[in-house]
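*Asks:* Predicted model and sequence below, questions to follow.
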Amino acid sequence: MPRSEKGSKRLAAALLALAVLGAGSAAAREAEIRISSIVVRIEAAEVRPDLRNLVPIADGELYLPARIDAAVKQIYATGLFADVEVLAEGETDVRLTFILKRKLFTRKVAFSGDAPVSRKMLLAGLYALRPDTEYSAPRLIRAEEELRDVVRREGFLNARVTGRVNPDPEEPFVDLDFEIQAGLRFTVRSVEFRGGLDGIQDAAVKAMETRSGRPYRPTILEADMAAVKAAYGAAGYPRAEVVVQNRSFRAADSTIGLVLRVEPGERIRITIEGADVPESLVRPLWEERIFEIWGLEQAEAAILTHLRKKGNVFASVRSNVERSPGELHIIHQVAPGRKVRIEDVIFDGAAAFPAGEIRREIGLPPALPIFGSISGDRLFTVPEEVETFYQSRGFPETRVSLQFREGEKGTLAVFIVEEGPRQTVRNVSFLGTKIFTEDELFGEVETRSGGAYEPNRIRRDAERLEAAYADRGVRGTMVAARAEDLGDGRFDVFFDLREGRPVRIDKIVVSGNAVTRRDVIDRALLVKEGDPARTGLIRESKHRLERLGVFVEVKIEELLSEGGEAETLVVSLREGQRNYASFGIGVETKNEPFELEIWKNILSPRFTAEYIRGNMLGRANQLSLVGQFSLLEKRAVASWESPTFFGLPYQSALNGWIEREERPSYGFDRRGVSLSASRAIGPGWTSLTTARVAQTTLYFLKIAESEVDRQHFPYSATALSETLIWDARDDSFNPARGHFFSAVIDWAYPLFKAESDYLKSFIKFQYFRPLGEQILLIGTFRGGLGMGRMPIHERFFAGGSGSFRGRPFDGLGPKDAASGKPVGGKAILLFNLDAQFRPFVSLPNLSLAVFYDLGNVFSHRSDVSLADLENALGFGLRYKTPLGPLRVDLGWNLNSPDGSRRGPRLYVTIGNVF
Amino acid sequence: MYFNMRPIPRFGGLLLLALAFLAAGGPAAAQERLVDGIAAVVNERIITLVDVQIVEAFGIVEGPIGADLGTARLAILQKLIDRKVVLDLSRGQAPADPARVEAEIVRIAGRLGEEETRARLARFGLSVSDIRPYLEEKLKVEAVIADRFSRSVPVNLDEIEARYRNTYEPGERAAGRTPKPFLEVVDDLENGIRAEKIAVQSALWVQSLRDQAEIEIRPDILKK
């Protein structure tokens, strides 16, 4: 055999062996395909190593399509991405690429073409895609349909709407432009009515906008038809139907003929005999076809409630229905009974709880002269409320009934309470607990040994326990509560716990922060990688991010890993607009309004302009520029606010300002700079520390000059102040309950050649107490003391609508001997009491008020005397607005010592009194 | 006996070597392929390509016979979407009967054979319990439709008679069988008519649900 032949044979054998071996290896490798690496891309271009944590598959794991599918679903569930695709490369060592497409949001919506409808109307009819909502192709199609419908309803048929999408190349936003081609419009050729009753619809038909010669607009036609229906309703036919029976379009002259059919239905006549009850109270019940018995019951309940509110607590009603062809006659015969005013409420038979506690728990106000103790309609709901109160305290069989008794001063409402036996808890046990101690679990529940047995409370305790586990980072805990009846009114309560698994936070992924820096977000998060996944802290972290004021949406999703012991926290954010501008215009009077005819007062305009730029430097800082201009004051303020203070968790603000203000005794120019830091120090408590440098120059002075009170020579001050605030009101602008406390100490020290040298303190306490539903009492105390060299612009002043309503603005306290102008003082005491009540239930925002003010300003601390306090009494109107109440007050000074005008003085202002 | 081989040139040998190596499944050929993606979004919940592949592989949903891959998968996807919109309506209801789910699994294994079933599970990296959710979904939808329509679909005698006359009798004769008397088959005919009516009504109902739902279909992914 030649050498070349031998070589070829050897080669063939080697190839054969290799193929066999290779095939065998391939088979072995096919049985175990592994993932060598995973890459995450955004929009197929940008590799994002930080988002690798979103994929809960580790390098080296087996290649399992179902596992990859679970990862795709988990990524989509974060809500961050509109699309997820997974590509694989390689056969045995597979490289996976996850391609994520960001969700897009609508930014601007524009309309073009010959849109025959106003932009406002188009936007009002567009729901599928509005600014700041998520964009998707199906939504675009729906938006086009909605806009076509808007245009059609204005009479433009066959309109064409084409939506164009302009994506932002850098940000996940799209701008939309809808091109609208109007389509055909038809003119009404004729309107014919069929059916109906003569006389009833004539006026409505005459007033119809849809008539021959006018453009056909479905919205207008609907309104016309509703007016015809209303005419029938007013004539006693509330069930009348008006429908379009026929529309005939004529293309040749673009006209439409309309045939409207009227079905009057039954006439409904309602008679209420025996009492003055408006028919409008019960008529709406009969507008639809209802079960008559149900309708009568509802009507009787409405009539009785109406009468009881007016004091006819003994009222009764009998009702019946009479039918005749085409008419339903509903008759209510009312026996109103005598009117009573309930002087007081007694709980007879209530041994387990004092009457005061029952009253407090069910919210019964105290008995008041004139107003009585309780309204008539509320009387009849009290028995059920008391029964519920008893049930919650372990008395399941309590029954309460209402009786009346004549007392010495009037009628008493007596609630006869049959308490029944009490059920109590003997023992509380926790079964299956390993992670936490019994003592820790007892701290989470309200059910106690020896306490009341109340099934609802036990159910709530089970939920609390589950939440407590989640708050400690344990997921999947289930708690079942059960009770064993011991037969003697006592129960043993068991909480069966199936504890879940402790979960820790493996990774935190943040997305959506195009401007905001990562460290700002990390500082707001109360959890970090490696921490237990405590739901309370995660929830609070979300609130802290929202409070930064730079995000319009904050979502935190928890993605559990395969083993269930770790999770990835996905923080998805949407940043908001950063620029705001506002402009305000108003009117002020130079003096107090001395005439009720407002045009006779001296009025001048008042302007405010503000510009805010948010999220400066990506650190949630805010720059604001404010300008105010009016006759009495001009001000320009620049502020830089930050959520931190040199890295410390204090809200800080650096302010610079220039201002001019005119007061009755003086006018000043001031420029200054201040730096303040505030922080919450407890529930409702805030601490505010401010350092200030300012220079004040009096440009006019109407009192005698002194070392500190001098015209034209600047007075410089450096001061440090500390304020403590405790705000427990339910609403800052229109509080209806709660209280407010503040204490300030202001120390002005001569630093940097400043001449300020005084110490000033001021406290304020305000209390809001509702009495029943109609009355609100507001009490306010203010007191201030100062010592040292206090210039006029730092002294205390009072008088006017915000402090003492018996004197003009700044008019309370010592006066200059020569000019008679107020000079202010180093001490102030003020006490104000307002009683507001709503006289008309139909006008809940309107209140009448009676007020009493007591106080004075004193030159020195040693001059303070209660005998020198002035009194003012008056009344006024309040109207609630979103910015606080609009107040009109008339006040009389009861003991003005200097013989000044006692009143009345008129005060008009907005905002709460103090 | 010798194989009388002509001498193989050197480059040819190298070529053969390379071909053999490749045949043995040597270094993986670097080709990017789609593994998974979103095929549809229904009221913000997704149906993936793998979902479609799984229900197709185990016959949980069947596509039209003879259609190409894309068309068959699209038909399967549409059925999965129908299920999603129906299930959205029935959220909060009790899960499917576990016994019926097990019976479905047994039916699938019986149809495919044990070995093939195991192979298909392994292909997707699934265990038997992983296909339960797909079967539960199917059974729950059937229960919702049965609950909604079965009680309210009347079948009158005229329809049954017409069915007997126009469909049953001719069909039996064409198949070479003697048609049974009317009374013997009336129940079957009634059930058949009712089932058809339910199918039509439920299809209309499901379509109305789809009209109200937010559905986005991405059919391109099914062809890959």
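*Replies:* That came in fine, so what should we check first? Numbering: from 1, shown residues only, chains lettered A, B, ... in the order given.
*Asks:* mind listing what's buried in stretch A:268-279?
*Replies:* A:268, A:270, A:272, A:275, A:277 (16 or more other C-beta atoms under 10 Å in any protein chain shown). In short, each C-beta sits where N, CA and C put it, glycine included.
*Asks:* distance between the ends of that stretch?
*Replies:* Counting by C-alpha to C-alpha, to the nearest Å, you get 12 Å between the two ends of stretch A:268-279.
*Asks:* Over to stretch A:786-805?
*Replies:* Where stretch A:786-805 starts and where it finishes are 24 Å apart, if you go by C-alpha to C-alpha.
*Asks:* Show me what counts as buried in that stretch.
*Replies:* By neighbour count on 16+ other C-beta under 10 Å, the buried set for stretch A:786-805 is A:786, A:789-805.
*Asks:* Show me what the mean pLDDT comes to for that stretch.
*Replies:* Per-region confidence: stretch A:786-805 scores 91 on mean pLDDT.
*Asks:* what's the answer for stretch A:88-97, then?
*Replies:* Here the average pLDDT along stretch A:88-97 is 91.
*Asks:* Checking that stretch against chain B, do any of its residues make contact.
*Replies:* Yes - part of stretch A:88-97 sits near chain B under the criterion C-beta under 8 Å from any C-beta of the partner chain, namely A:88-93, A:96-97.
*Asks:* Check what pLDDT A:L688 gets.
*Replies:* A:L688 is given a pLDDT of 94.
*Asks:* what's across from it in the sheet?
*Replies:* Beta bridges link A:L688 to A:S678, A:T723 when assigned by DSSP bridges.
*Asks:* what residue lies at the spatial centre of chain B?
*Replies:* Central residue of chain B (C-alpha atoms, centre = their mean): B:V61, 1.6 Å from the mean position.
*Asks:* Excluding chain neighbours, what is closest to that residue?
*Replies:* The shortest distance from B:V61 to any non-neighbouring residue, by C-beta to C-beta, 6 or more residues apart in numbering or on different chains, is to B:V55 (4.4 Å).
*Asks:* ok but that neighbour is inside a helix, no?
*Replies:* Yes - judged by DSSP: H, G, I helix; E, B strand; the rest coil, B:V55 forms part of a helix.
*Asks:* residue contacts, it?
*Replies:* The contact partners of B:V55, by C-beta atoms under 8 Å, 6 or more residues apart in numbering or on different chains, come to B:61, B:76, B:80, B:134.
*Asks:* Next: A:L869.
*Replies:* Contact partners of A:L869, counting by C-beta under 8 Å, 6+ apart, are A:829, A:854-856.
*Asks:* chain center to stretch A:626-634, what's the gap?
*Replies:* The chain centre lies 32 Å from the centre of stretch A:626-634; the measure is C-alpha atoms, centre = their mean, to the nearest Å.
*Asks:* how far away is A:L412 from A:V345?
*Replies:* Distance of A:L412 to A:V345, computed by C-beta to C-beta, to the nearest Å: 7 Å.
*Asks:* any idea which helix or strand comes after the worst-scoring helix or strand of chain B on mean pLDDT?
*Replies:* Sorting the helices and strands of chain B by mean pLDDT, DSSP states H and E puts helix B:10-23 at the bottom, at a mean of 48. Later in the chain than helix B:10-23, the nearest helix or strand by DSSP states H and E is strand B:32-42.
*Asks:* Mind checking if whatever helix or strand comes next after that following strand is in reach of chain A?
*Replies:* Following strand B:32-42 in sequence order, the next helix or strand is strand B:45-48 (DSSP H and E). Yes - judged by C-beta under 8 Å from any C-beta, strand B:45-48 comes into contact with chain A at B:46, B:48.
*Asks:* Mind giving me the packing neighbours of strand B:45-48?
*Replies:* For strand B:45-48, the elements it packs on are helix A:65-77, strand B:32-42, helix B:69-89, judged by 3 or more C-beta pairs under 8 Å, 6 or more residues apart in numbering or on different chains; DSSP states H and E.
*Asks:* could you give me the average pLDDT of the longest one?
*Replies:* What that stands for is helix B:69-89. For helix B:69-89, the mean pLDDT works out to 90.
*Asks:* Now do it against strand B:32-42, angle only.
*Replies:* With axes from the mean of the first three to the mean of the last three C-alpha atoms, to 10 degrees as the basis, helix B:69-89 and strand B:32-42 are set at 40 degrees to each other.
*Asks:* Now do the buried residues in the helix or strand following helix B:69-89.
*Replies:* Next helix or strand after helix B:69-89 toward the C-terminus (DSSP H and E): helix B:98-112. For helix B:98-112, burial by neighbour count (16+ other C-beta under 10 Å) applies to B:101, B:104-105, B:108-109, B:112.
*Asks:* Take those and lay them out in TSV including distance to chain A.
*Replies:* Formatted as TSV, the buried residues of helix B:98-112 follow (distance: C-beta to the nearest C-beta, whole Å):
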residue	distance to chain A
B:V101	18
B:E104	19
B:I105	16
B:I108	16
B:A109	18
B:L112	18
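*Asks:* how about CSV for the residues you listed, with pLDDT added?
*Replies:* Shown next, in CSV, are these (pLDDT from 0 to 100):
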residue, pLDDT
B:V101, 90
B:E104, 90
B:I105, 90
B:I108, 90
B:A109, 90
B:L112, 90
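*Asks:* so after the strand or helix carrying A:Q766, what's the next helix or strand?
*Replies:* Element membership for A:Q766, per DSSP H and E: strand A:757-771. Counting by DSSP H and E, the element after strand A:757-771 in chain order, helix or strand, is strand A:775-789.
*Asks:* what's near enough to touch A:E387?
*Replies:* A:E387 neighbours (C-beta under 8 Å, 6+ apart): A:398-400.
*Asks:* before we move on, back to that, tell me the confidence at the residue nearest to B:V61?
*Replies:* According to the model, B:V55 carries a pLDDT of 93.
*Asks:* Next, the angle from the lengthiest helix in chain B to helix B:69-89.
*Replies:* Determined from DSSP state H, the single longest helix within chain B is helix B:182-212. For helix B:182-212 against helix B:69-89, the angle by the same axes, to 10 degrees is 90 degrees.
*Asks:* does helix B:182-212 come close to chain A?
*Replies:* No - using C-beta under 8 Å from any C-beta, helix B:182-212 stays clear of chain A, coming no nearer than 10.9 Å.
*Asks:* A:V161 and A:F105, how far apart?
*Replies:* 21 Å.
*Asks:* Looking at these two now, which is surrounded by more residues?
*Replies:* A:V161 (22 against 19; other C-beta atoms under 10 Å in any protein chain shown).
*Asks:* ok, what's across the strand from the more buried one?
*Replies:* Going by DSSP bridges, A:V161 forms beta bridges with A:I180.
*Asks:* Isn't it up against A:D177?
*Replies:* No - shown here, A:V161 and A:D177 do not form a contact pair, counting by C-beta atoms under 8 Å, at 11.0 Å.
*Asks:* which residues are common contacts for these two?
*Replies:* Here A:V161 and A:D177 share no contacting residue, scored by C-beta under 8 Å, 6+ apart.
*Asks:* I'd like the buried residues of stretch A:268-279 laid out as CSV, including secondary structure, pLDDT and distance to A:A77.
*Replies:* Compiled in CSV, the buried residues of stretch A:268-279 are given as follows (DSSP: H, G, I helix; E, B strand; the rest coil; pLDDT from 0 to 100; distance: C-beta to C-beta, whole Å):
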residue, secondary structure, pLDDT, distance to A:A77
A:I268, strand, 92, 54
A:I270, strand, 93, 56
A:I272, strand, 95, 59
A:A275, coil, 91, 61
A:V277, coil, 92, 57
